[in-house]
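> just coords:
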Ligand SMILES: Cc1cc2nc3c(=O)[nH]c(=O)nc-3n(C[C@H](O)[C@H](O)[C@H](O)COP(=O)(O)O)c2cc1C
């Protein structure tokens, strides 16, 4: 018999279909009924109340550390200040800066150290070639590529790689794949984030793009990969043309259950 059955206090406040309410506290997503069955009620309530107290308070997006403390946290600051920037100047980052981003990527964790990533650095006229590949591929997908609308789409597609002076494509080759695919994708995602943060620290701006081109077999073949391989992202890199605004993410307490 469950605690809910034996303890009237629970029954009195139960909201059908909404879990078991105690004031504003909803238990259902935090404590499965199986746990309620195992634990004495008083003990459970104490645990629940403690959990809720621990993330009570105003929802603030900034670190509670004082300013001076924050300055000693360059990684945290880079994390907070990084934004996707679509508008970049034509100025090319230096080779040393790009290599630093690549190096940062390689320090990402990967299960069994599979290091599943491959990088393709595209700059200069290669971006125009990539644009032609993107447009040719889009042409094949369009029902009528001769219409005026299609012509505008094709031109836009061809110019896409020119939006950044450097594009670092992060990919994974299936033939080198060891372990679980999902774990390798996770590791490659971590590698990308490392790159973005390293770029941020150097005053560069980035935008992680995917879209149809990332899943396009022609693009993959053009890069020397097979259609089964994966493009994790095209990382557009350059100097920001526009000021980055801080983004206020959903507060972690909304996404977190403390158990
Ligand atoms: C896997 C992945 C793919 C993305 N693809 C695109 C894309 O194709 N185009 C784009 O404008 N942004 C793309 N983004 C960037 C997100 O739109 C961006 O991170 C999000 O809006 C949050 O903004 P912020 O990066 O400035 O914090 C992608 C991000 C991720 C993680």
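Sure, I can see it. Note that the structure is a prediction, hence the values are computed from the model and not measured.

> any idea how far the helix or strand where residue 100 lies is from the chain center?
With elements taken from DSSP states H and E, the one containing residue 100 is helix 95-106. From the chain centre to the centre of helix 95-106 is a distance of 19 Å (C-alpha atoms, centre = their mean, to the nearest Å).

> how about it: buried residues?
97-98, 100-102, 104-105 (16 or more other C-beta atoms under 10 Å). Heads up, the C-betas are built off the backbone N, CA and C, glycines and all.

> tell me the secondary structure for the residue nearest to residue 102 when sequence neighbours are not counted?
What sits nearest to residue 102 in space, not counting adjacent residues and going by C-beta to C-beta, 6 or more residues apart in numbering, is residue 119, at 5.7 Å. In three-state terms, and counting by DSSP: H, G, I helix; E, B strand; the rest coil, residue 119 is strand.

> For beta bridges, what are the partners of residue 119?
residue 170 (DSSP bridges).

> could you check the distance from residue 168 over to residue 138?
22 Å (C-beta to C-beta, to the nearest Å).

> With neighbour numbers in mind, choose between the two.
Per other C-beta atoms under 10 Å, whichever of residue 168 and residue 138 has more neighbours is residue 168, with 24 against 21.

> tell me the strands in the stretch 101-250 of the chain, going along the chain?
117-123, 166-172, 205-209, 230-238 (DSSP state E, counting those that start in this stretch).

> and the third one, what does it pack onto?
I take that to be strand 205-209. Contacts defined by 3 or more C-beta pairs under 8 Å, 6 or more residues apart in numbering; DSSP states H and E place strand 205-209 against helix 181-201, strand 230-238.

> which one of the ones you listed lies closest to the ligand?
Judged by C-beta to the nearest ligand atom, the one of these that comes nearest to the ligand is strand 230-238, at 5.8 Å.

> ok now the closest one, how far from the chain's centre?
That offset, for strand 230-238, works out to 12 Å (C-alpha atoms, centre = their mean).

> One more: stretch 91-109?
On C-alpha atoms, centre = their mean, the centre of stretch 91-109 falls 18 Å from the chain's centre.

> Let me see the contact set for residue 84.
206-208 (C-beta atoms under 8 Å, 6 or more residues apart in numbering).

> so it bridges to which residues?
Following DSSP bridges, residue 84 is listed with bridge partners residue 206.

> ok so, going back, which among the contacts of residue 84 gets closest to the ligand?
For the contacts of residue 84, the minimum distance to the ligand (C-beta to the nearest ligand atom) is 4.4 Å, reached by residue 208.

> I'd like the distance between the closest residue to the closest one other than its chain neighbours and residue 101.
Nearest in space to residue 208, with sequence neighbours left out and distances taken as C-beta to C-beta, 6+ apart, is residue 233 at 4.7 Å. Applying C-beta to C-beta, the value for residue 233 to residue 101 is 13 Å.

> Repeat that for residue 177.
Residue 177 sits 24 Å away from residue 101, going by C-beta to C-beta.

> what do you get for residue 207?
Taking C-beta to C-beta, one finds residue 207 at 13 Å from residue 101.

> Between these two, which contacts overlap?
residue 235.

> got a pLDDT number for residue 59?
Residue 59 carries a pLDDT value of 44.

> pLDDT below threshold where in the stretch 1-150 of the chain?
Along the stretch 1-150 of the chain, segments meeting pLDDT under 70 span 1-71.

> just checking, what packs against the helix holding residue 100?
By 3+ C-beta pairs under 8 Å, 6+ apart, helix 95-106 packs against strand 117-123, strand 166-172, helix 181-201, strand 230-238.

> For the residue nearest to residue 183 when sequence neighbours are not counted, give me its contacts.
The shortest distance from residue 183 to any non-neighbouring residue, by C-beta to C-beta, 6+ apart, is to residue 111 (4.6 Å). Residue 111 makes contact with 179-180, 183-184, 187, according to C-beta under 8 Å, 6+ apart.

> Try it again at 10 Å.
178-180, 182-184, 186-187 (C-beta atoms under 10 Å, 6 or more residues apart in numbering).
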